[in-house]
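Student: Just the structure for this:
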Amino acid sequence: MKTILVFIFSLCLATCAFADGSITGTVKYEGMVPPKRFIPMEADPVCYAIHKGNIYLPSLLLGKGNTLGNTFVFIKSGLKQSVYPPPARPAVISQAGCDYHPHVIGVMAGQKVEFLNPDGTLHNVHAMCRINPQFNASMPPFRKEMEVTFKKPEFMFPVQCDVHPWMRAWMAVMPDPFFAVTGQDGKFVIKNVPDGTYVVEAWHERLGTKTATVKVGGNSSQKIDFTFSETN
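Tutor: Below is the predicted model:
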């Protein structure tokens, strides 16, 4: 019995010693909230019918207490050089409702990305890359899905539909898995972070960037918050 207890204790110590931590936090918006901008959809009856009218641009997605969604948070520096294999599961971007979902997305270099068209109308996917090859692919109603792979890391480029000019998403192709995108509640979690001291950056398409330094050790969770305003 004593031998078993010693083994379990040793195993626990080994596991704890190599456990990874996490970085969590909340992103908020501070200041006067600008008026919402409408997206006019009358030009495409299918889009207009889906929403029963017009919708708002998603560039400033605020939640209760002015939490800020669609913010990309990632480890900018401090990681040791390593090779991180891409996930086997593809990332998915849907064009449902004549809009891109999600509006901001991070994928890993070499990860498959599926574009879906469930709308029953013509879309096209125009990836305006600078490092990876650009492409502009038509997705008529009968083409329900398309799969592509971005092979090289490339930070934040727009993906837009030339048929519907309001349709725009932002994509980051990352060399590692240490990133997250906030929902409307402004919260983010970056998991399985190795021990170290890191510069973490929060990026917003309209409000710019904020950075913070955080030290991760053991299996602890380190919390950092970001606040944006129109005057950043």
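Student: Apart from its chain neighbours, what residue comes closest to Gly120?
Tutor: Once its chain neighbours are removed from consideration, Gly120 has its nearest residue in Pro141; the separation is 4.9 Å (Cβ to Cβ, 6 or more residues apart in numbering). Where C-beta positions appear, they are placed from N, C-alpha and C, glycine not excepted.
Student: Tell me the pLDDT of that neighbour.
Tutor: The per-residue pLDDT reported for Pro141 equals 86.
Student: any idea which element it lies in?
Tutor: Assigning secondary structure by DSSP states H and E places Pro141 outside every helix and strand.
Student: Tell me if I'm right that it and Leu122 touch.
Tutor: Yes - the pair Pro141 and Leu122 passes the contact test of Cβ atoms under 8 Å, sitting 6.7 Å apart.
Student: Settle it for me: which of the two has more neighbours?
Tutor: For Pro141 and Leu122, the more surrounded residue by other Cβ atoms under 10 Å is Leu122, and the numbers stand at 16 against 13.
Student: count of residues packed around the residue lying closest to Tyr48 once chain neighbours are set aside?
Tutor: In space, not counting the residues next to it along the chain, Tyr48 is nearest to Met41; the distance is 4.5 Å by Cβ to Cβ, 6+ apart. Using other Cβ under 10 Å, Met41 is surrounded by 21 other residues.
Student: quick one: secondary structure of Met41?
Tutor: The three-state label for Met41, taken from DSSP: H, G, I helix; E, B strand; the rest coil, comes out as coil.
Student: so it makes contact with Gly97?
Tutor: No - under the criterion of Cβ under 8 Å, Met41 lies out of contact with Gly97, with a separation of 9.7 Å.
Student: contacting residues for Glu201?
Tutor: If you count contacts by Cβ atoms under 8 Å, 6 or more residues apart in numbering, Glu201 has them with 73-74, 76, 209-211.
Student: The same query, at a cut-off of 6 Å, please.
Tutor: Glu201 sits next to 76, 209, 211 when contact means Cβ atoms under 6 Å, 6 or more residues apart in numbering.
Student: Dig out what it forms beta bridges with.
Tutor: With DSSP bridges applied, Glu201 shows beta-bridge pairing to Phe74, Thr211.
Student: tell me the pLDDT at it?
Tutor: Per-residue pLDDT puts Glu201 at 98.
Student: From here on, call the first residue 608.
Tutor: Yes, from this point I'll number from 608; that puts the last item at Glu808.
Student: how much space is there between it and Ile831?
Tutor: Distance, Glu808 to Ile831, using Cβ to Cβ, to the nearest Å: 11 Å.
Student: what's the answer for Tyr707, then?
Tutor: On the measure of Cβ to Cβ, Tyr707 and Ile831 end up 28 Å apart.
Student: Just the terminal-to-terminal distance for stretch 706-721.
Tutor: 15 Å (Cα to Cα, to the nearest Å).
Student: Would you mark the buried spots in it?
Tutor: The neighbour-count check on stretch 706-721 (16 or more other Cβ atoms under 10 Å) flags 706-707, 709-720 as buried.
Student: List the contacts of stretch 825-835.
Tutor: Residues outside stretch 825-835 that contact it (Cβ under 6 Å, 6+ apart) are 626, 628-637, 809, 811, 814, 817, 819, 821, 823.
Student: Where does the record place the domain boundaries for this protein?
Tutor: Per automatic domain parsing, the domain ranges recorded for the chain read 626-687+797-839, 690-782.
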